[in-house]
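*Asks:* The sequence and its predicted three-dimensional model are supplied below.
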Amino acid sequence: GYKTSWNGYKLHIDTADCGVPIAALLCSASMHDSRAAVPLSHITKDRVTNLYDLMDAAYCSKELHAHCRELGHVPLIDHNPRGGEKEYFEPADAVRYRERSIAERTNARLKDEFGGRNVMVKGHAKVMSHLMFGLLALGADQLMRLRR
């Protein structure tokens, strides 16, 4: 009898190893994260050449693994046991997967330093504009840090 409702949007960001945002996709807050992975991967494929796709356990699915391989990438997606037994990465893949913390830091910096936490506008276009200005400033700041 309880209704579940979602308000707002989610921003999905594809980030390079150096912390520079490559692509972003704004979707409804009710959409599951894994549904944004395929369109985001196509946007990224057109912009950069990447070898690995690093994703957390929310993205764990056979279809997404297959999609990553179709693009010629190595999928490093944390296994979600879903009541079964947890599968772990090979040692070399585990070291590579640790680079995913950069994506988490990019998301945190967008929220804490570049206005992504409290977006006080309504409508997809206005929200997207607000977040893209924040991502632009974040990307410029990250590139300046790399220059040092």
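*Replies:* Arrived safely, thanks for sending.

*Asks:* Just the element for the residue positioned nearest the centre of the chain, please.
*Replies:* Most central in the chain under C-alpha atoms, centre = their mean is I13, positioned 4.0 Å from the mean C-alpha point. Here I13, judged by DSSP states H and E, is contained in strand 9-15.

*Asks:* got any ranges where this protein has weak pLDDT?
*Replies:* Where the chain drops to pLDDT under 70, the residues are 1-2, 4-6.

*Asks:* show me where it has strands.
*Replies:* 9-15, 21-28, 52-55, 74-77 (DSSP state E).

*Asks:* if you compare those, which one is most tucked away?
*Replies:* Neighbour counts (mean count of other C-beta atoms under 10 Å) averaged over each of these peak at strand 52-55, with a mean of 21. Bear in mind the C-beta positions are built from the backbone N, C-alpha and C, glycine included.

*Asks:* For that one, name the packing helices and strands.
*Replies:* Strand 52-55 sits against strand 74-77, helix 91-97, with contacts defined as 3 or more C-beta pairs under 8 Å, 6 or more residues apart in numbering; DSSP states H and E.

*Asks:* one step back: do you know how far the residue nearest to the centre of the chain is from R105?
*Replies:* Computed as C-beta to C-beta, to the nearest Å, the I13 to R105 distance reads 11 Å.

*Asks:* got the angle for the longest helix that the chain contains vs strand 9-15?
*Replies:* The longest helix of the chain (DSSP state H) is helix 124-147. Going by axes from the mean of the first three to the mean of the last three C-alpha atoms, to 10 degrees, helix 124-147 is angled at 30 degrees with respect to strand 9-15.

*Asks:* Contacts for helix 124-147, please.
*Replies:* With C-beta atoms under 8 Å, 6 or more residues apart in numbering as the test, helix 124-147 has contacts from 9, 11, 13, 18-21, 24, 26, 106, 109-110, 113-116, 119, 121.
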